[in-house]
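Participant: What follows is a predicted protein model with its sequence.
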Amino acid sequence: MTQNFVKEIENTRQQFLKPLKTATYVAVAFLGLGILFLIFTFVFMDRAFDILFLIFIICLIIAGVTYVVSYYNANNKYVKKFKNDLTIYAIKQNYGENYEYFEFQGLSLETMSKCGFTNHPDRFTSKRCFNARKGTINFISSDYVFSYRHTRSDAKGNTTTYYNDYPGRFIRYEVNKDNKAYMTIFEKNSGNEMFKDPRIGEKIEFESIDFNEKFTVKCSDTLKANYLITPVEQVNLIDFDVVFKSHLKIAIDGRFIYVFMASYSSNIPLSIYKKFTLEIFNSYANEFLIPMLLADALGLDKDKYSYDK
């Protein structure tokens, strides 16, 4: 079934590519004609320089406009036609019918701020809201941009206002068991004005030197820290962070686990010039597996999160 879906997208890409190829030939023809007139410009410089050079410029403009307009028209039609269908198909491959997805809606600032370690932004946007359930894992997520306003003045006293933007992906898990502890796991060397230290709990050092070098952990209960983040989870978090190249900020607070994948952004591998293959589909579909992979890394499907005694 997936193979048929991939073939369908590739066939449609080829259909959208045909008029673009024609437009490209026309653009190349006008470019060649323009170069010919440019040559004539230097040959007949004394008699008709202005008119020949003007024709060269006109041919150059026609070639450029023809190609650019045709490319954006074909590419946008192709991407728009399959962007939503591809997203829904990719999600269903991983979650069946147990999901909701809203491309242009996102989670609220209030939802993301409940973790307790984000500074209030001057500007906030969120989109690609996605929530799903698989097995015992229940989560909501969306992409975000936190923006902070700054001003600077030059030597003449002129003031300029600008914004620092901090994009990323947010995930919130809800588990069945309340471990009655507040714990933060912050990747080191990734701080910015978006995040603050909640100043709750004692700093924890684990046996893993690699984990201690990469993450700073604080917990309101030292014993709970070693119970929630075992050596297995420590290795898993390091591996996850290496693969997805994000800067993790995690809070475990009662029944909720808040995760910020700071600086992470996904790329839609769709282009009118790029052949659509099964590998491209899989890379796109894997984007929606991130919440499950991170849940696995944190051990959220284990008994310590699954039920209350």
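Facilitator: Cool, the structure landed.
Participant: From now on I want contacts and neighbour counts done on CA atoms only, so please keep to that.
Facilitator: OK.
Participant: where does the stretch 101-250 of the chain dip in pLDDT?
Facilitator: 191 (pLDDT under 70).
Participant: In it, what residue spans correspond to strands?
Facilitator: Shown for the stretch 101-250 of the chain, the strands assigned by DSSP state E, counting those that start in this stretch span residues 123-134, 137-153, 159-174, 182-187, 202-204, 215-219, 247-253.
Participant: which stretch among those comes nearest residue 300?
Facilitator: Taking Cα to Cα, strand 137-153 is the member of these nearest to residue 300, at 7.1 Å.
Participant: Show me which residues of the closest one are buried.
Facilitator: For strand 137-153, burial by neighbour count (16 or more other Cα atoms under 10 Å) applies to 137-148.
Participant: That one vs strand 123-134, what angle?
Facilitator: 170 degrees (axes from the mean of the first three to the mean of the last three Cα atoms, to 10 degrees).
Participant: Strand 137-153 pairs with which strands, parallel or anti?
Facilitator: Paired strands of strand 137-153, with direction, are strand 123-134 (antiparallel), strand 159-174 (antiparallel) (DSSP bridges).
Participant: can you give me how far it is from the chain middle?
Facilitator: Relative to the chain's own centre, strand 137-153 is displaced by 12 Å; criterion: Cα atoms, centre = their mean, to the nearest Å.
Participant: Spatially nearest residue to residue 169 (excluding sequence neighbours)?
Facilitator: Closest residue in space to residue 169, ignoring its immediate chain neighbours: residue 143 at 4.3 Å, by Cα to Cα, 6 or more residues apart in numbering.
Participant: If the one you found is in a bridge, with which residues?
Facilitator: Beta bridges link residue 143 to residue 127, residue 169 when assigned by DSSP bridges.
Participant: Kindly provide the distance from the spatially most central residue of the chain to residue 76.
Facilitator: In the chain, the C-alpha nearest the mean C-alpha coordinate belongs to residue 265, at 2.2 Å (Cα atoms, centre = their mean). Counting by Cα to Cα, to the nearest Å, the separation of residue 265 from residue 76 is 21 Å.
Participant: residue contacts, the closest residue to residue 161 other than its chain neighbours?
Facilitator: Distances taken as Cα to Cα, 6+ apart put residue 151 closest to residue 161, at 4.4 Å, once the chain neighbours are dropped. Contacts here follow Cα atoms under 8 Å, 6 or more residues apart in numbering; on that basis residue 151 touches 159-162.
Participant: Also residue 24?
Facilitator: Taking Cα under 8 Å, 6+ apart as the contact definition, residue 24 lies against 66-67.
Participant: doesn't it fall inside a strand?
Facilitator: No. With DSSP: H, G, I helix; E, B strand; the rest coil as the criterion, residue 24 is helix rather than part of a strand.
Participant: Okay, it and residue 14: tell me how far apart.
Facilitator: Look at residue 24 and residue 14: by Cα to Cα, they are 15 Å apart.
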